[in-house]
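Q: I would like to see how this sequence folds:
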Amino acid sequence: MPTAVTNEERKRPPNLVYAVDEWPPPFRLALLGMQYAVMSSIYLVLVVIVLREAHTSPTASIQVMGIACVGLAIGTALQALPRGPIGSGFLAPPVFSAVYLAPSVLAAQIGGMPLVFGMTIFAGIVEVLFAFSLNRLRVVVTPILSGLTVFVVGLQLGVVGIGETLDVRHVNLPTFPFHLIVTFLTLLTCIALSIWARGTLKLLCTLIALVIGMTAAWCVGLITSNDLKTFAETAWLALPQPSWFHLDFNAGLIPAFLASGIAAGLRAVGVITTCQRLNNAVWRRPDTPNIRKGVLADGLSNVIGGSLGVTGMSIGPSLVGVSGATGATSRAIGFAASLVLLVFAASPRLSGIFLLVPQEVAGSLLTFTAAFMISGGMEIMLSRKIDTRAVYVIGVSTLLAMSEKVFPAYFRALPKPIQTFTSSPLALGLTFAIGLTLIFRLGTRQSREINWTDSTASINSAAAFLRDQAKAWRIPETVVEASTDHATRIVQYVIGAHSSGRQGTLRASYNGVDLRLEIIYHGTHAERIPDSRHLHEPVAVEFENEESAAWVGLRQFLRGLAIDRQQVKTQAGQIIIRLLYAV
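A: Have a look, this model is predicted:
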């Protein structure tokens, strides 16, 4: 995987007002902490959806909302830790994530909130293992499988959201037209602001649409007087009571939460990569050790949160997008936001306000988010050339993922062990995608080689050979140019300093995942291999929507996996310089 970016390679971006290591003045720090705490709290609406599916009492729901704020505070602080084995050190607060919504709803319907909390801990453990295995998960961290995961999560979320947006359950009510007015007003507000607004206003379109949707819902009676009375009777100050280890577990939900844990890990990889780009004017490639610590913090937040009684969280791309747009990326803001969230947790009146959000409004917000996840997943999958194998992986896996919703009776008739995989579209699609990928890799290793000498014509011929062969294997142009240029300069370096016979062999092989180059010669051991130059291109950071920080960052991470490993060894009297490029 990529080597860590050193301190010498970091440079403060001139557009930042408060960079990651800087402290804003106390008053501004308090205001910024309040802003991020409020933005994090918006996603409590997802917790409300899960609570309603579990038929939780109003009193218990208010308790869960308070604990949810505690979970957000812990996750925000963990992610902002600048030193140690946990935390990326960036302002990257978690939010209650759409990635966990569908499996959490399923768990709530089966076993109530204790089952949701128990399975959330399991998903957090999966994400922790994902963080530790990031170097080895080559089969998972590829454009095809990463993009497919995002795509299917978007479809899964969209099915839930569009059902609420169309208000299918209330179609026979006399007030049904008013319900539709609320849902479409909320959705159209999101769409209009995301298209025609600019800057921070564009990135806060969900918050603005929520306010407008709530106002419209109150006007047409979706927020009843009983709802308002219950809210008015809620105390202003009361310490939350965590549901310490009030947990349940269901083996049948393992595939669903396993897939969600992986999806959350990929999302965290993308957002933290974006944070690195935002905070370094000379960013070149992903700092994988830092990303690993950030994913670890994200997973541990869910383990701790589930133990307290919190649903699944993941780093919020919209909050990172706002920090980039405003120029305030100081990690101190994260610690300030954590303190404000603890204040929210101690006030049932503040944390419980989101229990008033009607499902019609929540559904419109989910539909809006799902649209960007679907398109983001497609962009990631198409960020490299699609070969025949990829066509089958994408097409068959997507069709299988959606078939459970189209033919539910068929899947309910399957044996129980199989139903554990088919109960979640994400689990079903991702399982088949990984399986097909592994099968299609059989017999795919291709290898070619050419001899070179110290003449300019021979070196140019070897470079042309490598370029043509890599293109024939349908390797992306960026990797082709980076590998060809890098191999050429290493050959020139070896001829000038280490080769005794001033000749050798260039061997290239490709297995569908990695391009491996071997430069073989007789001579002395090469102590320092020249770095690749094609990776050192400045990258602009642009946020077109609330989800951009995740999916743009994930695409950049996948593209930035240039020199994953490089090795110099002696074998049978020859020196072999081995380079591996992620494709």
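
Q: hang on, Trp218 in a strand?
A: No: under DSSP: H, G, I helix; E, B strand; the rest coil, Trp218 falls outside any strand and is assigned helix.

Q: Pull out the buried residues from the helix or strand harbouring Thr206.
A: Per DSSP states H and E, Thr206 falls inside helix 205-220. Using 16 or more other C-beta atoms under 10 Å as the test for burial, helix 205-220 gives Cys205, Thr206, Leu207, Ile208, Ala209, Leu210, Ile212, Gly213, Met214, Ala216, Ala217, Trp218. Any C-beta I mention is one placed from the backbone N, CA and C, and that applies to glycine too.

Q: and what of stretch 461-471?
A: Burial within stretch 461-471, assessed by neighbour count using 16+ other C-beta under 10 Å, is assigned to Ser461, Ala462, Ala463, Phe465, Leu466, Arg467, Gln469, Ala470.

Q: Tell me the helix or strand right after the helix or strand where the first one lies.
A: Ser461 is part of helix 456-472, with elements assigned from DSSP H and E. Proceeding N to C from helix 456-472, the next assigned helix or strand is helix 477-497, under DSSP H and E.

Q: Okay, angle between that next one and helix 456-472 too, please.
A: 150 degrees (axes from the mean of the first three to the mean of the last three C-alpha atoms, to 10 degrees).

Q: Which phi and psi values does the most centrally placed residue in the chain adopt?
A: The residue lying closest to the centre of the chain (C-alpha atoms, centre = their mean) is Arg267, at 0.5 Å. Here is the backbone geometry of Arg267 (degrees, to the nearest 10): phi -60, psi -40.

Q: My read is that it contacts Val95, right?
A: No: if you go by C-beta atoms under 8 Å, Arg267 and Val95 don't touch, sitting 10.8 Å apart.

Q: what touches both of these two?
A: Ser314, Ile315 (C-beta atoms under 8 Å, 6 or more residues apart in numbering).

Q: show me what contacts Gln419?
A: Gly252, Phe411, Arg412.

Q: one more time with 7 Å, if that's ok
A: Residues near Gln419 by C-beta atoms under 7 Å, 6 or more residues apart in numbering: Gly252, Phe411.

Q: mind listing the strands for the protein?
A: For the chain, applying DSSP state E gives strands covering 94-96, 313-315, 446-453, 499-510, 514-523, 563-571, 574-582.

Q: circling back to that earlier point, export the buried residues of helix 205-220 to CSV and tack on distance to Ser314 and pLDDT?
A: Shown next, in CSV, are the buried residues of helix 205-220 (distance: C-beta to C-beta, whole Å; pLDDT from 0 to 100):
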residue, distance to Ser314, pLDDT
Cys205, 20, 73
Thr206, 16, 74
Leu207, 18, 74
Ile208, 23, 82
Ala209, 21, 83
Leu210, 19, 80
Ile212, 26, 86
Gly213, 23, 85
Met214, 25, 81
Ala216, 29, 86
Ala217, 27, 81
Trp218, 31, 82
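
Q: Output the below-cut-off pLDDT ranges for the stretch 101-250 of the chain.
A: Residues of the stretch 101-250 of the chain that meet the criterion pLDDT under 70 lie in 135, 137-141, 167-173, 175, 199-204, 227-228, 230-232, 243-245.

Q: weakest of the strands of the chain by average pLDDT?
A: Lowest mean pLDDT within the strands of the chain: strand 563-571, at a mean of 69.

Q: Verify the stated contact: Gln359 with Glu164.
A: Yes: counting by C-beta atoms under 7 Å, Gln359 does reach Glu164; the two are 5.1 Å apart.

Q: quick revisit: in TSV, list the buried residues of stretch 461-471 along with pLDDT and distance to Pro242.
A: Shown next, in TSV, are the buried residues of stretch 461-471 (pLDDT from 0 to 100; distance: C-beta to C-beta, whole Å):
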residue	pLDDT	distance to Pro242
Ser461	91	69
Ala462	89	64
Ala463	88	62
Phe465	89	64
Leu466	89	59
Arg467	87	60
Gln469	86	60
Ala470	84	55
